[in-house]
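A.B. asks: Have a look; sequence and predicted model below, questions after that.
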Amino acid sequence: MAETRWNQPAGNPSTQPTGAQPTPAVPPPPAQPPTALTIGVRSAAEVGQLAADAAAASPRVAMFCSDDDVAVEGITATARWLLGQRNTSPISNEVDDFPRTEQAIGRETARADDAIWGRGQFADLHEDYAAGVRETLRWIQGRADTKRPIRE
C-alpha cells in the first residue's frame, strides 16, 4: 500500500525534511501469521479474508463515508497491521510488537476517534481513513454495534 499524505500524521519521519532524525530500524514482518492466531475475537483467517475482500475490485464498505476508497485504505492498513504484514500501526505509524496487544489495539482505536473528530496530533488524517481503521478495530474486538467493515 502506498503511503499517501492523508494517512501520514504531521511530523511523521517520512514527511520530515532532509536532515531529520532517521526512523528506527524496523524488524521485518512475519511471512505468514500463525494460523492459530486470534486477534480480539476474530481468527487470523477472518482478518485475512477481510484484507482480501478489501483488495477486491469494488469492495462494499459497510459504513457511511464520503470516500469509500479512502476508508478501504484504512481497513486494509489495519488488517495488514493486525496480521503482522505491516510493522507500523495505521494511525500513529508506531512500531508495535507482534502479535498486537489489547493495549496497542485500544490505543489505535482512540487515535482513530481523535482523527475522525479532528482532535489531537492526528487531526490532519482523513476522517474516512480513520473511520476504516476504527471500524476494523471495533469489529475485531467483537463490538455488538459494529458490522464487518467490508460487506460479504
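C.D. replies: Nice, I can see it. Source: prediction; values computed, not measured.
A.B. asks: burial measure for the spatially closest residue to residue 41 that is not a sequence neighbour, as a count.
C.D. replies: Nearest in space to residue 41, with sequence neighbours left out and distances taken as C-beta to C-beta, 6 or more residues apart in numbering, is residue 142 at 3.6 Å. C-beta here means a position set from N, CA and C on the backbone, and glycine is covered the same way. Residues near residue 142, counting by other C-beta atoms under 10 Å, number 10.
A.B. asks: Now do the contacts for residue 142.
C.D. replies: Shown in contact with residue 142 (C-beta atoms under 8 Å, 6 or more residues apart in numbering): 40, 41, 42.
A.B. asks: I'd like the residues you listed as CSV, with secondary structure and neighbour count appended.
C.D. replies: Shown next, in CSV, are those (DSSP: H, G, I helix; E, B strand; the rest coil; neighbours: other C-beta atoms under 10 Å):
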residue, secondary structure, neighbour count
40, coil, 18
41, coil, 11
42, strand, 21
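A.B. asks: ok, so what distance separates the closest residue to residue 61 other than its chain neighbours from residue 146?
C.D. replies: By the measure of C-beta to C-beta, 6+ apart, the closest residue to residue 61 outside its immediate chain neighbours is residue 68, 4.6 Å from it. Look at residue 68 and residue 146: by C-beta to C-beta, to the nearest Å, they are 17 Å apart.
A.B. asks: what's the answer for residue 48, then?
C.D. replies: Separation of residue 48 from residue 146 (C-beta to C-beta) stands at 19 Å.
A.B. asks: The two: who's more crowded?
C.D. replies: residue 48 (20 against 17).
A.B. asks: which SS class is that one?
C.D. replies: Three-state call for residue 48 (DSSP: H, G, I helix; E, B strand; the rest coil): helix.
A.B. asks: Check residue 107 and give its pLDDT.
C.D. replies: At residue 107 the predicted local distance difference test score is 96.
A.B. asks: For burial, what's the neighbour tally of residue 141?
C.D. replies: When neighbours are counted by other C-beta under 10 Å, residue 141 registers 16.
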